[in-house]
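Peer 1: Next come a sequence and a model predicted from it.
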Amino acid sequence: MKVLMLNGSLKANGNTNAILEAVGKQLNQEGIDYEIFQMGNDAVRDCAGCGQCSDKGCVYDDDKVNEFVGKLKEADGLIVGTPVYYAHPSGRIMSFLDRVFCCGRKYMEHKPGAAVAVARRAGTTASVDALNKYFGIAQMPIVSSTYWDVVHGRVPGEAEQDGEGMQTMRNLARNMAWLLKCIEAGKAAGIELPQAETDVKTNFIR
Ligand SMILES: Cc1cc2nc3c(=O)[nH]c(=O)nc-3n(C[C@H](O)[C@H](O)[C@H](O)COP(=O)(O)O)c2cc1C
């Protein structure tokens, strides 16, 4: 089994990567593989709301969104990590995930997800809340830890010094691994995925 992770920072070796690596190392100890996906250094487009999402992915094929969606198909779980920018997730991770979920939501359904954030000081829980919103509309079980999934650090190397934060990351990994194994055991025992009702779109109340 494999967990796909998304780094919402431009810094490939910054604090966000460090906290994702901490989760990943513990996942490995539990027998689960992981991959950290970097969005690249180029600009990430916003969702245009064009409604042209298809099995080929997003119409904009000049960044890494479609590559990520391809990896989602094969993944068993998802963890998204962000630095806190002005008390919210990085703009690029929100733009990226808006488009991932528009065209790749079906590859998320019923897979466990978690969001982690790192900040110098404040805005962590608001950032995690914003990222968890994606999971909440995709029928994804949200995995939790022994504290909210946040770590403190400013410059690269500081996150590792937040002992409580890093312990929270490791406990998150243990819970993610446990849930993945429960889901696999459930499938082997013949437990079927729930079938959602056909969409009713009440776009406004008459
Ligand atoms: C544009 C910008 C805005 C930031 N806003 C906040 C903030 O609101 N609260 C905070 O505690 N840290 C803030 N920070 C600090 C980062 O969250 C922190 O340095 C983080 O560890 C960076 O992670 P990275 O190394 O993965 O990029 C901000 C940093 C930048 C560049």
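Peer 2: Cool, the structure landed.

Peer 1: Please count neighbours and contacts with C-alpha atoms only from this point.
Peer 2: Noted.

Peer 1: buried set for stretch 51-70?
Peer 2: Within stretch 51-70, the residues that count as buried by 16 or more other C-alpha atoms under 10 Å are 53, 57-60, 63-66, 68-69.

Peer 1: Give me the residues contacting it.
Peer 2: With C-alpha atoms under 8 Å, 6 or more residues apart in numbering as the test, stretch 51-70 has contacts from 37, 39-40, 42-45, 96, 99-100, 102-104, 107.

Peer 1: tell me which of these is nearest to Glu30?
Peer 2: Nearest to Glu30 among the contacts of stretch 51-70 is Phe37, at 20.6 Å by C-alpha to C-alpha.

Peer 1: Quick check: what element follows the longest strand seen in the chain along the chain?
Peer 2: With secondary structure taken from DSSP state E, the chain has its longest strand at strand 77-85. Where DSSP states H and E defines the elements, the next helix or strand beyond strand 77-85 is strand 88-89.

Peer 1: what mean pLDDT would you report for that next one?
Peer 2: Strand 88-89 carries an average pLDDT of 98.

Peer 1: Check which helices and strands that strand sits against.
Peer 2: For strand 88-89, the helices and strands in contact under the criterion 3 or more C-alpha pairs under 8 Å, 6 or more residues apart in numbering; DSSP states H and E are helix 124-136.

Peer 1: quick one on the thing from earlier: okay, and which of the buried residues of stretch 51-70 map to helices?
Peer 2: Using DSSP state H, the subset of those located in helices is 65-66, 68-69.

Peer 1: With pLDDT and distance to the ligand added, can I get those residues in JSON lines?
Peer 2: Formatted as JSON lines, those follow (pLDDT from 0 to 100; distance: C-alpha to the nearest ligand atom, whole Å):
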{"residue": "Val65", "pLDDT": "97", "distance to the ligand": "19"}
{"residue": "Asn66", "pLDDT": "97", "distance to the ligand": "23"}
{"residue": "Phe68", "pLDDT": "97", "distance to the ligand": "19"}
{"residue": "Val69", "pLDDT": "97", "distance to the ligand": "22"}
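
Peer 1: All set now, cheers.
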